[in-house]
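J.: model the following, please.
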Amino acid sequence: MLINLLAQTTGFNDITSLGASGIMGAMWLWERRMSRQRESQLDEAHSRILSDRVQLEELIRVVEQNSEAMSRLNASQEQMIRQFGTRSG
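T.: Just a heads-up that it's a prediction; the model follows:
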């Protein structure tokens, strides 16, 4: 199974004819390829995290602005209630 995987990954058709050093070289090539793929995956994940962070910061800013607007609306409604309450009483 490992020999088949190495053959597919490295592009050699008959890897068994390479001998021990050839197989070790093929394993090194396979490890390098897997390492590059993993590094690429990490780079993509890092980019997504940074993008998500920017979107999260924007969402937090919108929520804070909405909270401030609701607080101002509540304060103005309370003020109107106090003004109308003193006029009718």
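
J.: which strand or helix spans residue 62?
T.: Assigned by DSSP states H and E, residue 62 belongs to helix 19-88.

J.: that helix - contacts with which helices or strands?
T.: helix 2-10 (3 or more C-beta pairs under 8 Å, 6 or more residues apart in numbering; DSSP states H and E). C-beta coordinates here come from the backbone N, C-alpha and C atoms, glycine included.

J.: avg pLDDT for the helix it packs on?
T.: For helix 2-10, mean pLDDT rounds to 61.

J.: what's the answer for stretch 74-89, then?
T.: Stretch 74-89 comes out with an average pLDDT of 83.

J.: mind listing what's buried in it?
T.: By neighbour count, with 16 or more other C-beta atoms under 10 Å as the criterion, stretch 74-89 contains no buried position.

J.: circling back: how far does the helix holding residue 62 sit from the chain's center?
T.: Put simply, helix 19-88 sits 8 Å off its chain's centre (C-alpha atoms, centre = their mean, to the nearest Å).

J.: same question for stretch 78-89.
T.: Taking mean C-alpha positions (C-alpha atoms, centre = their mean), stretch 78-89 and its chain are 52 Å apart.

J.: could I get that stretch in CSV with only the CA atoms?
T.: Extracted in CSV, the C-alpha atoms of stretch 78-89 (Å, rounded to 0.1, in the frame of the first residue of the first chain):
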residue,chain,number,x,y,z
GLU,A,78,-38.7,58.4,28.8
GLN,A,79,-38.3,62.1,28.5
MET,A,80,-41.4,62.4,26.4
ILE,A,81,-43.4,60.3,29.0
ARG,A,82,-42.2,62.6,31.8
GLN,A,83,-43.1,65.8,29.8
PHE,A,84,-46.6,64.5,28.9
GLY,A,85,-47.1,63.1,32.3
THR,A,86,-46.5,66.5,34.0
ARG,A,87,-48.7,68.3,31.5
SER,A,88,-51.7,66.1,32.0
GLY,A,89,-51.5,65.9,35.7
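
J.: count the neighbours of residue 36 for me.
T.: 10 (other C-beta atoms under 10 Å).
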